[in-house]
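Colleague: dropping a prediction and its sequence here:
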Amino acid sequence: MYLPALAAHPDAEVIAVCGRDRATTEAFAATWGIPQWFTDPTAMLDDVALDAVIVATANATHFPLTMAALDRGIRVLCEKPLALDADQAAAMAARAAAAGVTTMVPFTYHYMPVNRWVKRLIEQGFVGRPLHLNARYYTNFGFDTAYSWRFDRLAAGAGIIGDLGSHWIHLARWLLDEPEQSVSAVGSTFTQRADRPDGGDYERLEDSAVMTVRYASGAYGVLQVSSVCHEGTPFGQTHHLEVHGDAGTIYATCDWDTVQEVRGVRAGAGGGAQVLPIPDDIWGDVRRDTVHDTYRDVFRTTNAMTRGWISAIQAGEVIGPGFDEGLAVQRMIDASVRSAATGGCPMPVPVARTPGHGLDDVIRRDGAVRPPPGTDLHVLAIDHRWQIEEMVDAAGADRSRIVPLKTLLYDAFSLVAAERNDVGVLIDDLYGVELLDRATGRGHWLAHAIDRPRSRPVEFQCENDVE
């Protein structure tokens, strides 16, 4: 989908391509008239004067290829999911922010007319306060029993949760305009797939999953993604979206054949949901006859996604969704994978900091009602201090084990604290940077301690904020 979009953009010129297989890459370059081709990405990045690169490869290579480009000051569009896990995604987002380059993660369904119309209706107050969102993505490619890297843990990181779930995670975040607090996920591997081409075995990932998400406002979403559905459409897939609020309901359907429809009903109205025609200004000049024609035109003739990214680079502007959103989605993917591994236990979802900014080091309260003065504040202190280090040393354990211990303590605490406004957690940033990220924005008090060796009691920064 990228080359047709670039070929039609007046400010874009594709001057090099890199692939794994020599013959395939050479043939690809010849087909598209690309003057230079490589099988070594480092050689391409070093030998060609590139302004921007598109990383459209297996997930396991997103991190090294993107970091190599960013180290050279090159703008990057990287396919979703952004990385194998949130640690990689955080490093990529931080490096991009430090380099000051324009990035993009191509969540394609963000740009489709149906979803843009749903977004506008929500913003215009059609549903009032959103209460819950249901999104279903059904497709059939998961019935194929051949090996696919998309279902290989080492190559993909996550299965359908990362592949299709990333689209729905982003779409829900965008439509509701708020972060997630927790997720409970279940996944299944229904198709038994072949070994790797070299005959090697591997951990086979889920081809169907359901995520139940609690958002910061209290609204929740059910995001279902499955690659083992017979839909009988030209693309073998269908999309279904419902948003219910205290003032109305929206139903949206895209059958990937000829139906691109939004229906709605307001509170108190009779007769069921009625068609809400997509406005002409959203359609623009794209074709409306089939979904595939709409899809082609959106990404080849409008300033959406890849073409918008090129235009933003040319204008020196920032455009989204960028790596910050890719990181937020990756954290949801990771939490969903952790939840699915337990059979569906709720997992907290860390709120991503703005990449490149320092740690929050004041006591604060995010997303809930502040307790009145005089209220007792119950605090869990997860602090490395010398006692924990000495305990770990005495046990003959590696101090790196302090990190998962603190994470386990916090995850347990956050589940207990979810519905209370009189609890808090104290986390230092030694053995705890990622944990501070995870705790940010969770709706309970968060404090970052001043490091004072062997101090009793622990001192706080901005201690006057404590009532």
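Modeller: On my side now, so go ahead.
Colleague: measure residue 251 to residue 245 for me?
Modeller: Distance, residue 251 to residue 245, using Cβ to Cβ, to the nearest Å: 13 Å. Any C-beta I mention is one placed from the backbone N, CA and C, and that applies to glycine too.
Colleague: repeat that for residue 39.
Modeller: Applying Cβ to Cβ to residue 39 and residue 245 gives a distance of 52 Å.
Colleague: these two: which has the busier surroundings?
Modeller: Counted by other Cβ atoms under 10 Å, residue 39 and residue 245 do not tie: residue 245 has more neighbours, with 20 against 14.
Colleague: got a list of what that one touches?
Modeller: When contacts are counted by Cβ atoms under 8 Å, 6 or more residues apart in numbering, residue 245 touches 122, 126, 127, 128, 129, 130, 131.
Colleague: want to try TSV for those, with secondary structure and neighbour count as columns?
Modeller: Formatted as TSV, these follow (DSSP: H, G, I helix; E, B strand; the rest coil; neighbours: other Cβ atoms under 10 Å):
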residue	secondary structure	neighbour count
122	helix	21
126	coil	20
127	coil	23
128	coil	14
129	coil	11
130	strand	24
131	strand	15
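Colleague: determine which two of these are furthest apart.
Modeller: 126 and 131 (13.3 Å; Cβ to Cβ).
Colleague: residue 270: neighbour count?
Modeller: By the measure other Cβ under 10 Å, the count of residues near residue 270 is 5.
Colleague: so it lies in a helix, does it not?
Modeller: No. Applying DSSP: H, G, I helix; E, B strand; the rest coil, one finds residue 270 to be coil, outside a helix.
Colleague: so the residue minimising distance to the centre of the chain is in which element?
Modeller: In the chain, the centroid-proximal residue (Cα atoms, centre = their mean) is residue 329; its distance is 1.5 Å. Using DSSP states H and E, residue 329 sits in helix 323-341.
Colleague: and for residue 345?
Modeller: Assigned by DSSP H and E, residue 345 falls within no helix or strand.
Colleague: contacts only, for it.
Modeller: Residues counted as contacts of residue 345 (Cβ under 8 Å, 6+ apart) are 184, 339.
Colleague: separation between it and residue 335?
Modeller: Taken as Cβ to Cβ, the span from residue 345 to residue 335 is 11 Å.
Colleague: now swap in residue 116 and tell me
Modeller: 28 Å.
Colleague: tell me which of those two has more neighbours.
Modeller: Ranked by neighbour count (other Cβ under 10 Å), residue 116 and residue 335 place residue 335 first, with 25 against 19.
Colleague: ok so, going back, so which elements touch the helix holding residue 329?
Modeller: Judged by 3 or more Cβ pairs under 8 Å, 6 or more residues apart in numbering; DSSP states H and E, helix 323-341 is in contact with strand 75-78, helix 86-99, helix 160-163, helix 165-176, strand 180-188, strand 208-215, strand 347-348.
Colleague: let me know which of those is tucked in deepest.
Modeller: Of all the helices and strands packed on helix 323-341, helix 160-163 carries the top mean neighbour count, a mean of 29, counting by mean count of other Cβ atoms under 10 Å.
Colleague: which of the three states applies to residue 249?
Modeller: strand.
Colleague: with the one 3 residues further on instead?
Modeller: Using three-state DSSP, the three-state assignment for residue 252 comes out as strand.
Colleague: that one: how many residues sit nearby?
Modeller: Burial of residue 252 is recorded as 23 neighbouring residues (other Cβ under 10 Å).
Colleague: gap between it and residue 133?
Modeller: Counting by Cβ to Cβ - residue 252 and residue 133 are separated by 11 Å.
Colleague: what do the two both touch?
Modeller: Contacts common to residue 252 and residue 133, judged by Cβ under 8 Å, 6+ apart, are 241, 242.
Colleague: tell me the pLDDT of residue 406.
Modeller: Listed pLDDT for residue 406 reads 77.
Colleague: what about it, neighbour count?
Modeller: Neighbour count for residue 406, taken as other Cβ under 10 Å: 20.
Colleague: quick one: which helix or strand includes it?
Modeller: Element membership of residue 406, judged by DSSP H and E, is helix 402-417.
Colleague: now that helix, how far from the centre of its chain.
Modeller: Relative to the centre of its chain, helix 402-417 is centred 23 Å away, using Cα atoms, centre = their mean, to the nearest Å.
Colleague: number of nearby residues for residue 53?
Modeller: Residue 53: 23 neighbours (other Cβ under 10 Å).
Colleague: how would you label it: helix, strand or coil?
Modeller: strand.
Colleague: over to residue 261?
Modeller: Per three-state DSSP, the local secondary structure of residue 261 is strand.
Colleague: ok, and the closest non-adjacent residue to it?
Modeller: Using Cβ to Cβ, 6 or more residues apart in numbering and skipping residues adjacent in sequence, the residue nearest residue 261 is residue 253, 5.2 Å away.
Colleague: surely that neighbour meets residue 275?
Modeller: No. The criterion here is Cβ atoms under 8 Å, and residue 253 misses it with residue 275 at 10.7 Å.
Colleague: give me the common contacts of these two.
Modeller: 261, 262.
Colleague: of those two, which one has the most company?
Modeller: Neighbour totals were compared for residue 253 and residue 275, and residue 253 leads with 15 against 10 (other Cβ under 10 Å).
Colleague: tell me what that one is bridged to.
Modeller: Per DSSP bridges, the residues bridged to residue 253 are residue 240, residue 261.
Colleague: report the contact partners of it.
Modeller: Residue 253 neighbours (Cβ under 8 Å, 6+ apart): 114, 238, 239, 240, 241, 259, 260, 261, 262.
Colleague: from residue 109, how far out is the third one?
Modeller: Separation of residue 239 from residue 109 (Cβ to Cβ) stands at 7 Å.
Colleague: tell me which of the two has more neighbours.
Modeller: residue 239 (23 against 19).
Colleague: how confident was the prediction at the more buried one?
Modeller: Residue 239 is assigned 98 on the pLDDT scale.
Colleague: so who does it touch?
Modeller: Counting by Cβ under 8 Å, 6+ apart, residue 239 touches 109, 114, 135, 136, 137, 138, 252, 253, 254, 255, 256.
Colleague: try it again at 10 Å.
Modeller: With contact set as Cβ atoms under 10 Å, 6 or more residues apart in numbering, residue 239 has these partners: 109, 112, 114-115, 135-139, 167-168, 171, 252-256, 260, 291.
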